[in-house]
Structures are given as C-alpha cells and as structure tokens.
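K.L.:
Below are the sequence and a predicted model; questions follow.
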Amino acid sequence: MPRDEAHRKAADRRGRHAEDRAAGALEADGWRVLARRVRTPAGEIDLVAERDGLLAFVEVKARATLGEAAFALGAGQRARLLAAAEAWMAAHPGHGAAGVRFDVVVVDAAGRLRRIADAFRLGD
C-alpha cells in the first residue's frame, strides 16, 4: 500500500474512533444521535444530535492534544458546516424546535475528550 494511502486510512480510523467516542459521550449526556457522517452537497457533518428539541451539529476533531484539536477548525470549515447544516435541516424538517447550535468535540491521542458547546455561530 502506498504511504499516502496508508496515512489516509490511519487518519480515517482515528477519525472514526473519535466520532464513536463523541457519539457515546453525547448519548451518555442524554442526546439522541440522529445521524453520523452525513454528506450534503455543501460538505460533511460528523454528528447530528438532538436533546429536548435542541439540535446540535457536531464537528469532531482528533489531534495529539486537546489544544491542537480545539484550534483545528478553521473559518472555511465553519462556513461549510453551516451550509451543510442548512442542507440537512431542509431535508429533515421538524427538528430543532428549541434551537440549533454548533458544537465541537475535541479528542486527544490518549482518548480524552472535551465538548465545546455552542462553539460558534453564524457570522463567526
């Protein structure tokens, strides 16, 4: 297997593991995960979850440290996530009666995670 492909597959495995951990943490906190790895014309959404009518679009970032992960979401990615969320909501009406927010879950190499609730808003 070429080195680039092996690197990509390893990164994909780390990403999936981080998403599994994030989904488990959300569910343990009372959230219902509605969708995972959603592909829209605007981009991918890692997790879509809802609790008590509050809809959260969740971006999961795995890096060596929590700090590195927290700074891994750039302005371009935020814009794509916002557009992808709009596409998801258009295709799935009836969710988010109590509001919509964008969370980031960061995961470090040791598997520790932290959720940053309401991490950004439209116009950030």
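P.N.:
That came through, no problem.
K.L.:
Report all helices and strands that the top helix by length along the chain contacts.
P.N.:
Identified as the longest helix of the chain according to DSSP state H is helix 3-28. Packing partners of helix 3-28 (3 or more Cβ pairs under 8 Å, 6 or more residues apart in numbering; DSSP states H and E): strand 32-40, strand 43-51, strand 54-62, strand 99-107, strand 113-120. Every residue, glycine included, has its C-beta placed from N, CA and C.
K.L.:
weakest of those strands by average pLDDT?
P.N.:
In terms of mean pLDDT, the lowest-scoring of the helices and strands packed on helix 3-28 is strand 113-120 (a mean of 90).
K.L.:
between the helices and strands packed on helix 3-28, which gets nearest to Ala6?
P.N.:
The minimum distance between Ala6 and the helices and strands packed on helix 3-28 falls on strand 54-62, with 17.5 Å, by Cβ to Cβ.
K.L.:
coming back round to it: direction-wise, compare the longest helix of the chain with strand 99-107 and give the angle.
P.N.:
120 degrees (axes from the mean of the first three to the mean of the last three Cα atoms, to 10 degrees).
K.L.:
Which pLDDT value does the model give Arg8?
P.N.:
So, for Arg8, pLDDT stands at 84.
K.L.:
what's the neighbour count on it?
P.N.:
Using other Cβ atoms under 10 Å, Arg8 has 12 other residues around it.
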